[in-house]
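> generate a structure from the sequence data that follows.
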Amino acid sequence: MEVNPAIFREYDIRGVVGTDLTPDVAAAIAGAYAGGYTAEGDEVVVGRDNRDHSPMLAAAVAQGLASAGRTAVEIGTVITPAFYFARVHWGIDGGVMVTASHNPSEFNGFKLGGGFGTLHGEQIQEVLRRVRSDAIPSGRGAVEAREINEAYGAMLGEKIRLGPRRLKVALDCGNGTASLVAPEVLASWGVDVVPLYCDSDPRFPNHHPDPVDPRNLADLIGVVREEGCDLGIGLDGDGDRIGVVDDKGRIIWGDLLMVLYWREILPQHPGAQVIVEVKCSQVLVEEVIRLGGRPFFYRTGHSLIKAKMREIGAVFTGEMSGHMFFADEYFGFDDALYAAGRLLRILSNSELPLSKLLADVPDYPVTPEVRVPCPDDVKFAVVASLVEGFKKEYEVVDVDGARVLFDEGWGLVRASNTQPALVVRAEARSESGLGRIKAILSAALVEHPGVGRVEW
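Residues are numbered from 1 along each chain as shown. Purely as a prediction, here's the structure:
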């Protein structure tokens, strides 16, 4: 079958429905996945997000799996963490989650389970090769329905116990799939919830459910200030990423949020290896060292990080984008609701507001994560060229793109694994230093045709 190879990305499959993804394509991908990554007779969990076309694609996936001799266990509309939990809960290795996370409403895609993690890199390219060569097994499988949300909610209730301080929390689900479960989960923990965009609506009429974009947090910030909330929590489209706003309306990026988590975790695991995603602040590195951890930089990507965590036995890590992976008291997969619970547990056992809990952290001038348009077919070549050029003058961490180390800070350029874009970020010890780093990065990028302008 002919398919668009560009939709087979580093750690998932995403494309435009009707153009890149049709029921026939979905069924072929499911069959190719079943043939390459699940044993004969294995069950495969099939979940879907709240997009209008997700039921259609999930049905095609289930039929594709059944035609390949597998039993498709359909769990309906769920957040991605509930899909992950279903595989753990029932001991099922295989899984296909139909979701495009925070992408615009015309997109959809698949996260493919394997080894209680998710496929990535060469494993996904192997699925592409099988689809193209029609290397799809034939058999008589089945489709059956099961329910997981009740067990998932009960599990969260057992694992999260809040302290004596009652919290008032603004919750922005961005009209994504988490709208169906998140308000009830927070309320069950004894939290006073102020809901914002918690009606499921796959058109995403208010803002894209992407809490890494400051524009998408503007309304949440307003509600926190107007309602006098202790904090605001934003969730992405499929519920595996968290965004946080403190009691003053300040955005707490993922790296600073990890400082709070590590302060709780590292004293229980002294000397632990700590994975630091390349986009993260130097503040996180310094805090991990202060707490006795051993930090090292690693690549961006939830599948890649989960695999690295299993490899080294890591107890926790996270990403700037809001993926948080707890393996100390949890299962190691990214779950925004569980991450919210861990934050609420810290805060409910403290007399200090969230803004004060991070008051001792250095306030280095830093940019948000900026996405610069760049075509998929040239973005990796652009980054390779930048790595080579910067190494002639600076020290470069090149585990994922170019994290260029300057005397006054650092700057990063890497290729996005999910969009036709470059991801750029910079940090320095002073505003003037940050300005110089931004100018250096902008000047380097403008030399490459096809790369858009950096909107700092």
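
> give me the contact list for stretch 436-456.
The contact list for stretch 436-456 (CB atoms under 8 Å, 6 or more residues apart in numbering) reads 367, 370, 372-375, 378, 382, 385-386, 389-390, 404, 406, 408-411, 413, 422, 424, 426-428. Quick note: C-beta positions are derived from backbone N, CA and C, even for glycine.

> if we use 7 Å, what do you get?
Residues from elsewhere that reach stretch 436-456 (CB atoms under 7 Å, 6 or more residues apart in numbering): 367, 370, 372-375, 378, 382, 385-386, 389, 406, 409, 411, 413, 422, 424, 426, 428.

> quick check: buried residues in it?
By neighbour count with 16 or more other CB atoms under 10 Å, stretch 436-456 contains the buried residues 436-438, 440-442, 444-445, 448, 451, 454.

> what about Arg140, neighbour count?
Neighbours of Arg140 under the rule other CB atoms under 10 Å: 8.

> thought it was touching Gly69?
Yes - between Arg140 and Gly69 there is a contact under CB atoms under 7 Å: 6.5 Å.

> show me where this structure dips below the pLDDT cut-off.
The chain contains residues with pLDDT under 70 at 38-41.

> mind listing the helices for it?
Taking DSSP state H, the helices of the chain run over residues 23-37, 54-67, 80-90, 122-132, 149-159, 182-188, 218-227, 254-265, 282-290, 302-312, 336-348, 354-357, 376-391, 431-446.

> out of those helices, flag the one nearest Ser105.
The closest of the helices of the chain to Ser105 is helix 54-67. By CB to CB, the value is 10.9 Å.

> enumerate every residue touching the nearest residue to Arg241 once chain neighbours are set aside.
Nearest non-adjacent residue to Arg241, counting by CB to CB, 6 or more residues apart in numbering: Gly322, 3.6 Å away. Contacts for Gly322 (CB under 7 Å, 6+ apart) come out as 211-212, 236, 241-243, 254, 336.

> switch to 8 Å and redo it
With CB under 8 Å, 6+ apart, Gly322 has these contacts: 211-212, 236, 241-243, 254, 257, 336, 339.

> need those in CSV (columns: neighbour count).
CSV is the format used below for these (neighbours: other CB atoms under 10 Å):
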residue, neighbour count
Pro211, 30
Val212, 22
Asp236, 28
Arg241, 29
Ile242, 28
Gly243, 28
Gly254, 26
Leu257, 23
Ala336, 26
Ala339, 27
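
> and which of those is nearest to Ala307?
Nearest to Ala307, judged by CB to CB, of the contacts of Gly322 is Arg241 at 18.3 Å.

> show me the contacts for that closest one.
Shown in contact with Arg241 (CB under 8 Å, 6+ apart): 101-102, 211-212, 235, 321-323, 334, 336.

> so Gly121 makes contact with Phe8?
No - counting by CB atoms under 8 Å, Gly121 does not reach Phe8; the two are 10.4 Å apart.

> tell me which of these two has more neighbours.
The neighbour count for Gly121 versus Phe8, taken as other CB under 10 Å, is higher for Phe8 (21 against 15).

> can you name the residues bridging to that one?
Ile13 (DSSP bridges).

> now it: how far from Val61?
Phe8 sits 16 Å away from Val61, taking CB to CB, to the nearest Å as the criterion.

> repeat for Thr19
18 Å.

> neighbour count: these two, which is higher?
Neighbours per residue, other CB under 10 Å: of Thr19 and Val61, the larger number sits with Val61, 30 against 10.

> got the contact list for the residue most central in space within the chain?
In the chain, the centroid-proximal residue (CA atoms, centre = their mean) is His323; its distance is 4.0 Å. The contact partners of His323, by CB under 8 Å, 6+ apart, come to 240-241, 254, 302, 305, 334.

> in a markdown table: those, plus distance to Lys111.
Putting those into a markdown table (distance: CB to CB, whole Å) gives the following:
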| residue | distance to Lys111 |
| --- | --- |
| Asp240 | 9 |
| Arg241 | 13 |
| Gly254 | 20 |
| His302 | 9 |
| Ile305 | 14 |
| Asp334 | 11 |
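
> can I assume Ala421 is in contact with Val370?
No - counting by CB under 8 Å, Val370 is not a contact partner of Ala421; they are 9.4 Å apart.

> quick check: Val399 touching Val276?
No - using CB under 8 Å, Val399 is not in contact with Val276; the gap is 10.2 Å.

> how about stretch 229-239 as PDB, C-alpha atoms only?
Below are the C-alpha coordinates for stretch 229-239, written out as PDB (Å, rounded to 0.1, in the frame of the first residue of the first chain):
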ATOM      1  CA  CYS A 229      -6.700  29.900  43.200                       C
ATOM      2  CA  ASP A 230      -3.700  28.200  44.700                       C
ATOM      3  CA  LEU A 231      -2.600  27.200  41.200                       C
ATOM      4  CA  GLY A 232      -3.800  26.500  37.700                       C
ATOM      5  CA  ILE A 233      -3.400  23.200  35.900                       C
ATOM      6  CA  GLY A 234      -3.600  22.900  32.100                       C
ATOM      7  CA  LEU A 235      -3.800  19.500  30.300                       C
ATOM      8  CA  ASP A 236      -3.000  18.700  26.700                       C
ATOM      9  CA  GLY A 237      -5.300  17.000  24.200                       C
ATOM     10  CA  ASP A 238      -4.800  13.400  25.300                       C
ATOM     11  CA  GLY A 239      -4.000  14.000  28.900                       C
END
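
> separation between the nearest residue to Asp49 once chain neighbours are set aside and Val169?
Nearest residue to Asp49 in three dimensions, chain neighbours excluded: Thr99, at 4.0 Å (CB to CB, 6+ apart). Applying CB to CB, the value for Thr99 to Val169 is 25 Å.

> show me which of those two is the more surrounded one.
Using other CB under 10 Å as the criterion, Thr99 and Val169 rank with Thr99 on top: 32 against 23.

> which one of the buried residues of stretch 436-456 is nearest to Ala32?
Nearest to Ala32 among the buried residues of stretch 436-456: Val451, at 33.9 Å, using CB to CB.

> next one: phi and psi at that closest one?
Note on Val451: its backbone torsions stand at phi -90, psi 130 [degrees, to the nearest 10].

> bridged to Tyr396, which residues?
Residue 396: Val, not Tyr. Beta-bridge pairing for Val396 (DSSP bridges): Val404.
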